[in-house]
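Trainee: give me coordinates for this.
(3 chains)
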Amino acid sequence: MTKQNFFNSVFEVVKLIPYGRVTSYGAIAAYLGAKSSSRMVGWAMNASHGLEEKIPAHRVLNRNGLLTGKMHFGGNTMQELLEKEGIEIENDQVKNFKTLFWDPEKELMKDFN
DNA sequence: GTGGTGACGACAC
DNA sequence: GGTGTCGCCACCA
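Mentor: I've put the predicted structure just below:
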């Protein structure tokens, strides 16, 4: 629980995203208590590039389930990774996003109970 | 210390 | 409903 920095906390949450599930920047931001600062989540993802830790940033999408950051993965890497996990992508957007959506606050709180 | 920037979100038009 | 604008806060130059 090295909550040294904001984006470090983001990594902790992102790494908790289960296989074949996705979440949104806003959800993570809200979990960290800064839903208004969803940009910071994306900024944290930017830092995940050079990290040794394997951050499944491809599972983090924007509020619409759109693969906003696929360009940062390089081409369609992000989409291929999601499809490899059984997630259907259509027009750079996750199908059944509402179903595959993984809310950290909800899921983690359920785990505590 | 100040200013600019950003893988977003919400609201206004 | 699509587009434009503001806000939000951490990080870098």
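
Trainee: wait, what's in contact with the most centrally placed residue in chain A?
Mentor: Against the mean C-alpha coordinate of chain A, by Cα atoms, centre = their mean, the closest residue is A:Val60 at 2.2 Å. By Cβ atoms under 8 Å, 6 or more residues apart in numbering, the contact list for A:Val60 reads A:14, A:17, A:22-25, A:28, A:41, A:45, A:69. Any C-beta I mention is one placed from the backbone N, CA and C, and that applies to glycine too.

Trainee: give me every residue in chain A lying close to DNA strand B.
Mentor: Contacts of chain A with DNA strand B, taken as Cβ under 7 Å from any atom of the strand, map to A:24-26, A:29, A:35, A:38-43, A:45-46, A:48-49, A:57-58, A:60, A:62-64, A:68-70, A:72-73, A:78.

Trainee: pretty sure A:Lys70 contacts A:Leu81?
Mentor: No: the criterion here is Cβ atoms under 8 Å, and A:Lys70 misses it with A:Leu81 at 9.6 Å.

Trainee: the two - which one has more neighbours?
Mentor: Shown here are A:Lys70 and A:Leu81; by other Cβ atoms under 10 Å, A:Lys70 has more neighbours (20 against 16).

Trainee: now the more buried one: how far from A:Glu90?
Mentor: Counting by Cβ to Cβ, to the nearest Å, the separation of A:Lys70 from A:Glu90 is 13 Å.

Trainee: and stretch A:12-21, C-alpha only, in PDB?
Mentor: Below are the C-alpha coordinates for stretch A:12-21, written out as PDB (Å, rounded to 0.1, in the frame of the first residue of the first chain):
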ATOM      1  CA  GLU A  12      -2.600  -0.300  -7.300                       C
ATOM      2  CA  VAL A  13      -6.100  -0.100  -8.400                       C
ATOM      3  CA  VAL A  14      -5.400  -0.800 -12.100                       C
ATOM      4  CA  LYS A  15      -3.400  -3.900 -11.200                       C
ATOM      5  CA  LEU A  16      -6.500  -5.200  -9.300                       C
ATOM      6  CA  ILE A  17      -8.600  -5.200 -12.400                       C
ATOM      7  CA  PRO A  18      -9.600  -8.800 -13.100                       C
ATOM      8  CA  TYR A  19      -8.900 -10.600 -16.300                       C
ATOM      9  CA  GLY A  20     -11.400  -9.800 -19.000                       C
ATOM     10  CA  ARG A  21     -12.800  -6.800 -17.200                       C
END
